[in-house]
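Chemist: I'd like to go over a predicted model; first the sequence, then the structure.
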Amino acid sequence: MDKNQRWIRATPELFFDNHLIEMVQDVRRVFHSPVKRPDPLITRDSSWEAYLSFNDAAWNVIHDTSEDVFRCWYEDAHFDFKRIGQTNVDITDPRVSGSRVCYATSPDGLNWIKPRLELMPVSGRPTNIVFGDWNEGQAHFGAVHAISVLDDRLDSDVTVRFKMLFQHITRASPLTDVVTDTGQVHECLQSPIRLASSPDGIHWRVDDHQLDFGGLGPRLGDVIRLTRDWDTGAYLLYTRHPNAWNPLLNPKNPHSRAWSLPYYPADPAKNNKRRIWLCQSWDLLHWSEPQEVLIPDDTDDNLDESFNSLGMLRIGNVRVGFLNVLHMVDGTADVQLVHSRDGVCWQRSPHRKSFLSTGLVDDWDAYMVSMPTAPIECGDELWLYYGGANLHHNWWLVGSREGLDLPEVHRPTEFSSGMGLAILRKDGFVSLNATVREGIVVTRPVRLSGWPLFFNARCQAGGYLDVEIVDADDNVIPGFLRSNFQRFSGDSTRSLIQWQGAPTIPLDRPVKLRFFMLHCDVYSICTAF
């Protein structure tokens with residue numbers, strides 16, 4: 001079989017790229033954004049909670065279909081703002097901060113419950129804390145930071161069904177002095193990444209083995225997004241390199257006392273922007289050296305823009321990526337779409353347009369939104385859980401040491417982050433669209449894995465979609481003329497494509513599909529099996 005042969009299978013084929021497209025006329029590609037629900041679903045509501053960290057790399061949501069329940073793990077973090085303001089220590093240093101993992105569930109994905117558990121009570125009262133101890137008190141374990149939880153259905157051992165990678169921060173974590181180009185010394189933690197597992201998502205056991213990241217030992221940066229390739233079984237980790245901040249810079253150039261770093265455009269040797277790296281493993285213990293897979297572009301990205309993290313959802317042969325972009329000058333963050341067919345080579349959407357934007361000034365998600373967790377299919381919709389905050393990325397944390405005169409610097413505990421929900425049509429990230437004039441799309445030769453075909457399409461008033469099928473030499477196959485097609489003019493995420501007489505297409509040879517469309521969006525196509 002030709003490995004380059006294009007297929008249409010039972011999993012949807014989306015139109016992010018021209019993989020299936022041979023020709024178009026009067027057709028454009030349209031990228032769509034989800035609709036946000038107005039209020040957050042999980043927020044700080046107990047006296048013992050400090051800062052619920054619904055940021056780029058600190059929480060996960062899954063839909064447990066075996067029990068029909070939604071599960072969420074997230075960090076509760078505390079900060080000693082006075083000490084942070086007086087020193088240059090790393091903000092995750094246990095002398096000034098700490099974090100622990102909390103757990104919430106929902107029967108419907110909308111109404112969330114923080115269960116009263118006895119695992120880690122506070123002041124004698126039950127809480128929903130399930131892992132970590134920021135005070136290193138009774139548990140003597142230390143902070144659990146940058147968590148990523150995987151529901152590993154490929155593992156037959158149900159006692160380790162849920163797996164978590166996390167950064168383990170204790171007072172024993174070694175400190176390294178990093179010298180800036182101005183001679184300032186910053187202490188940076190060298191905390192290991194560790195593996196924990198659980199049968200139920202509540203009771204966690206830490207693996208005693210040391211992880212190895214291809215010569216880096218057990219260290220990575222503080223972004224960890226764990227997923228698994230369901231075809232090969234390999235574990236994939238989208239992360240940060242722990243040394244990505246420390247290239248040799250020009251010591252003769254000035255550098256302010258700001259938390260941000262100087263940047264040299266078009267000089268890869270001095271690149272210290274946040275960017276996305278990939279590690280791969282077969283056993284969760286031995287990992288490949290981090291490989292750069294997404295780097296800010298000096299032509300199309302702004303000077304202050306960098307990449308915080310990457311969430312991912314696989315649909316058929318396409319990996320849809322949710323790139324969490326930091327705009328350093330404004331202290332804001334939004335989400336852009338990327339896509340890939342192998343998880344390594346990623347393509348950005350045109351014009352760098354936000355897929356998920358921040359809210360208005362008075363909204364709970366006014367300044368930061370992020371999507372580190374994969375969307376969940378619910379009927380004809382995709383539910384996109386996202387983190388939002390009414391504070392700026394780092395102003396509230398390090399603004400006092402820089403002398404910034406801002407409300408969130410003086411009163412940081414009055415601001416917060418939470419988890420919200422945005423809703424998108426199933427497979428509705430991008431569509432082929434025709435309006436005003438009839439549009440025509442001709443696919444490249446494709447093999448069909450089954451029959452019949454289904455479309456995800458929506459027509460506006462007066463709109464339609466017609467289809468005909470031709471052979472690889474562009475001759476219409478008998479029975480599949482446009483004139484025989486039962487015209488589609490509705491709105492459906494799974495509409496059966498039918499011709500009069502219900503002919504059956506031969507599956508042993510390549511064919512081409514021709515779409516004729518007006519006032520219509522086509523989102524995806526798939527076969528019955």
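Modeler: Yep, it's here. The structure presented is a predicted model; accordingly, all values stated were derived computationally and were not measured.
Chemist: what's the first-to-last distance across stretch 238-253?
Modeler: Its start and end residues considered, stretch 238-253 measures 33 Å (C-alpha to C-alpha, to the nearest Å).
Chemist: pLDDT (mean, whole number) over that stretch?
Modeler: The average pLDDT within stretch 238-253 is 91.
Chemist: contacts for it?
Modeler: 178, 180-183, 190, 216, 219-225, 227, 255, 261-262, 264, 269-272, 274-279, 290, 293, 309-310, 312 (C-beta atoms under 8 Å, 6 or more residues apart in numbering). C-beta here means a position set from N, CA and C on the backbone, and glycine is covered the same way.
Chemist: looking at this structure, which helix or strand is least sure?
Modeler: strand 175-179 (a mean of 48; mean pLDDT, DSSP states H and E).
Chemist: need the strands for the stretch 151-300 of the chain, in chain order.
Modeler: Taking DSSP state E, counting those that start in this stretch as the test, the strands found in the stretch 151-300 of the chain are 162-169, 175-179, 185-189, 193-198, 205-206, 212-213, 224-228, 235-239, 276-281, 286-287, 291-294.
Chemist: nope, the stretch 351-500 of the chain is what I meant
Modeler: Going by DSSP E, counting those that start in this stretch, the stretch 351-500 of the chain shows strands at 354-356, 368-370, 376-378, 381-389, 417-425, 430-434, 439-443, 447-448, 453-471, 491-496.
Chemist: tell me the angle the fifth one makes with strand 381-389.
Modeler: Meaning strand 417-425. For strand 417-425 against strand 381-389, the angle by axes from the mean of the first three to the mean of the last three C-alpha atoms, to 10 degrees is 150 degrees.
Chemist: Please compute how far strand 417-425 lies from its chain's middle.
Modeler: Its chain's average C-alpha position is 13 Å from that of strand 417-425, according to C-alpha atoms, centre = their mean, to the nearest Å.
Chemist: next one: the second one
Modeler: Using C-alpha atoms, centre = their mean, the distance from the centre of strand 368-370 to the centre of the chain it belongs to is 11 Å.
Chemist: Please enumerate residues in contact with it?
Modeler: 54-56, 308-309, 324, 332-335, 356-359, 386-389, 391-393, 417.
Chemist: Filter the residues you listed down to the buried ones and hand me the PyMOL line.
Modeler: For the buried members of the contacts of strand 368-370, the matching PyMOL selection, counting by 16 or more other C-beta atoms under 10 Å, is:
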select buried, resi 54+55+56+308+309+324+332+333+334+335+356+358+359+386+387+388+389+391+392+393+417
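Chemist: can you tell me how far the most centrally placed residue in the chain sits from residue 275?
Modeler: What sits nearest the mean C-alpha location of the chain, by C-alpha atoms, centre = their mean, is residue 311, with 1.6 Å. Per C-beta to C-beta, to the nearest Å, residue 311 is found 15 Å from residue 275.
Chemist: Pull out the buried residues from the helix ranked longest in the chain.
Modeler: The longest helix of the chain (DSSP state H) is helix 395-402. By 16+ other C-beta under 10 Å, the buried positions in helix 395-402 come out as 395, 396, 397, 398, 399, 400, 401.
Chemist: go on, stretch 106-121?
Modeler: Within stretch 106-121, the residues that qualify as buried are 106, 109, 112, 114, 117, 120, counting by 16+ other C-beta under 10 Å.
Chemist: what do you get for stretch 286-306?
Modeler: Going by neighbour count (16+ other C-beta under 10 Å), the buried part of stretch 286-306 is 287, 290, 293, 294, 295, 296, 301, 305, 306.
Chemist: can you redo those as a markdown table with pLDDT and distance to residue 69?
Modeler: Listed next are the buried residues of stretch 286-306 as a markdown table, based on pLDDT from 0 to 100; distance: C-beta to C-beta, whole Å:
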| residue | pLDDT | distance to residue 69 |
| --- | --- | --- |
| 287 | 97 | 31 |
| 290 | 96 | 34 |
| 293 | 97 | 33 |
| 294 | 97 | 33 |
| 295 | 96 | 39 |
| 296 | 96 | 39 |
| 301 | 94 | 40 |
| 305 | 96 | 38 |
| 306 | 96 | 36 |
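Chemist: And those residues, which is closest to residue 487?
Modeler: Set against residue 487, the nearest of the buried residues of stretch 286-306 by C-beta to C-beta is residue 294 (42.0 Å).
Chemist: what pairs with the closest one across the strands?
Modeler: Bridge pairing for residue 294 (DSSP bridges) gives the partners residue 276.
Chemist: if we can go back for a sec, would you single out the least confident of the strands of the stretch 151-300 of the chain?
Modeler: strand 175-179 (a mean of 48).
Chemist: domain ranges for the chain?
Modeler: The chain resolves into domains spanning 7-32+430-527, 51-250+267-425 when parsed by automatic domain parsing.
Chemist: rank those by pLDDT, which is bottom?
Modeler: Minimum mean pLDDT among the domains of the chain: domain 51-250+267-425, a mean of 91.
Chemist: Any idea which of the domains of the chain gets closest to residue 41?
Modeler: Taking C-beta to C-beta, domain 51-250+267-425 is the member of these nearest to residue 41, at 5.3 Å.
Chemist: Straight-line length of that closest one, end to end?
Modeler: 32 Å.
Chemist: ranges for the helices of this structure?
Modeler: Using DSSP H, helices in the chain cover 81-86, 395-402, 407-410.
Chemist: got the CA coordinates for the first one in CSV?
Modeler: Put plainly, it is helix 81-86. The C-alpha trace of helix 81-86 is given here as CSV (Å, rounded to 0.1, in the frame of the first residue of the first chain):
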residue,chain,number,x,y,z
PHE,A,81,4.2,38.5,48.6
LYS,A,82,6.2,40.5,51.1
ARG,A,83,9.3,38.3,50.7
ILE,A,84,8.9,38.0,46.9
GLY,A,85,8.9,41.8,46.8
GLN,A,86,12.1,42.0,48.8
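Chemist: Please consider this matter closed, and thank you.
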